[in-house]
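# I would like the atomic coordinates for the input below:
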Amino acid sequence: MKDLIMGIKTPVVANERVFVAVDVPETAVRIIRRSLGEYPQYIKQVTPDNKWHVTLAWLGEVENPKQYLSRLTRNMRQGFVPTIRVNHVGRGLQRSQLWAYVDPATVLTGIRDQIFDRLGTMRFPDLGKIRQRQYVPHIHVADLFGMAGGIGLADEPAMVNFAVKEAKIYRSCLTPGGSVYEVLGTILLSD
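Just a heads-up that it's a prediction; the model follows:
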């Protein structure tokens, strides 16, 4: 009320879209890109390689995500170097997208559970809802033309494995040119 009387506007802090993800190395990018060659007539736009990632946890719109960083970025070393396996490229659950599907291996879901356990100790808001969302690990590699929505597209093999040494906490900022990702922190998963 005092701010209104004095004519000073208190800045409104918008929630920020935050997620935890694993980057895709160049060796895997090359193999997945080869598979995209099977869909040229259906692809409207290929997602830039620097945006390719495997989301471990979509945290949604978070108010002041920096309050969670110090505890969330603590090392989370595994008993061995975690490996991710990409199986194939095909239409995503979002029918307008082409995804590279990732094997939902125990090690991947285990890291995801550890992230949620940490968030639980921090009383992260709506964690129950976030944790219950269906998890289909994938890489969003392209957007499809609208006409491709009703066409059956065959999956294309894209077998590749890659080791994961860290996960990153990203902030996604929406701009007129699309989403821009900013790294807020890193969680080490192996030495």
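
# select the longest helix from the protein.
The residue-count maximum for a helix in the chain (DSSP state H) belongs to helix 106-121.

# list the buried residues for that one?
107, 108, 111, 112, 114, 115, 116, 118, 119 (16 or more other C-beta atoms under 10 Å). For glycine as for every other residue, the C-beta is placed from the backbone atoms N, C-alpha and C.

# strands of the protein, start to end?
Counting by DSSP state E, residue ranges of the strands within the chain are 16-23, 43-46, 53-62, 83-91, 97-102, 138-144, 156-163, 166-175, 178-188.

# strand partners (parallel or antiparallel) of the second one?
Looking back up the chat, that one is strand 43-46. The pairing partners recorded for strand 43-46 under DSSP bridges are strand 138-144 (antiparallel).

# same question for the fourth one.
Strand 83-91 sits in its sheet next to strand 97-102 (antiparallel), strand 156-163 (antiparallel), going by DSSP bridges.

# then the first one?
In the sheet containing strand 16-23, its partner strands are strand 53-62 (antiparallel), strand 166-175 (antiparallel), by DSSP bridges.

# deepest of those strands, which one?
Of the strands paired with strand 16-23, the one with the most neighbours on average (mean count of other C-beta atoms under 10 Å) is strand 53-62, at a mean of 19.

# lovely, talk soon.
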